[in-house]
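1. Just a sequence and a predicted model for now, questions to come.
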Amino acid sequence: MFEKFAEIISNYVDVLPEEVTEDSRFIEDLGFNSYDFMSFLGEIEQEFDIVIDESQVTNLQTVGDAMRYIASIKA
């Protein structure tokens, strides 16, 4: 799952997939703006066939946060 996340992230911001870590913060470290972040989440929903609860979006600060959240709703 991590490799797919890193690949998708690199489509939205100027970061190589190998530079992404689970501790990378979307805004502070990777340079996402709010529009790109919401677009990214939409692509994640399509890629993993899930629906992200809008009330949980603010809890997704790092790549690891997002991966753990997706794993919890896919279980």
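-> Thanks, I have it.

2. Looking at this protein, which helix is longest?
-> Looking across the chain with DSSP state H, the single longest helix is helix 34-48.

3. How far away from the center of its chain is that one?
-> When distances are taken as CA atoms, centre = their mean, to the nearest Å, helix 34-48 is centred 7 Å away from the chain's centroid.

4. what does stretch 42-58 give?
-> Per CA atoms, centre = their mean, the centroid offset for stretch 42-58 relative to its chain is 9 Å.

5. Please point out which parts of that stretch sit buried.
-> Neighbour-count burial for stretch 42-58, counted by 16 or more other CB atoms under 10 Å, picks out 44, 52. Any C-beta I mention is one placed from the backbone N, CA and C, and that applies to glycine too.

6. can I get the CA coordinates of it in PDB?
-> Coordinates of each C-alpha in stretch 42-58 appear next as PDB, following Å, rounded to 0.1, in the frame of the first residue of the first chain:
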ATOM      1  CA  GLY A  42     -10.500  11.500  -4.100                       C
ATOM      2  CA  GLU A  43      -8.000   9.500  -6.000                       C
ATOM      3  CA  ILE A  44      -7.200   7.400  -2.900                       C
ATOM      4  CA  GLU A  45     -11.000   6.700  -2.600                       C
ATOM      5  CA  GLN A  46     -11.100   5.500  -6.200                       C
ATOM      6  CA  GLU A  47      -7.800   3.500  -6.000                       C
ATOM      7  CA  PHE A  48      -8.800   1.600  -2.900                       C
ATOM      8  CA  ASP A  49     -12.600   1.500  -3.500                       C
ATOM      9  CA  ILE A  50     -13.400   3.300  -0.200                       C
ATOM     10  CA  VAL A  51     -15.300   6.300   1.100                       C
ATOM     11  CA  ILE A  52     -13.400   8.600   3.400                       C
ATOM     12  CA  ASP A  53     -15.500  10.000   6.200                       C
ATOM     13  CA  GLU A  54     -15.200  13.800   5.800                       C
ATOM     14  CA  SER A  55     -15.100  14.200   9.600                       C
ATOM     15  CA  GLN A  56     -11.900  12.200   9.600                       C
ATOM     16  CA  VAL A  57     -10.000  14.300   7.100                       C
ATOM     17  CA  THR A  58      -8.500  16.600   9.700                       C
END
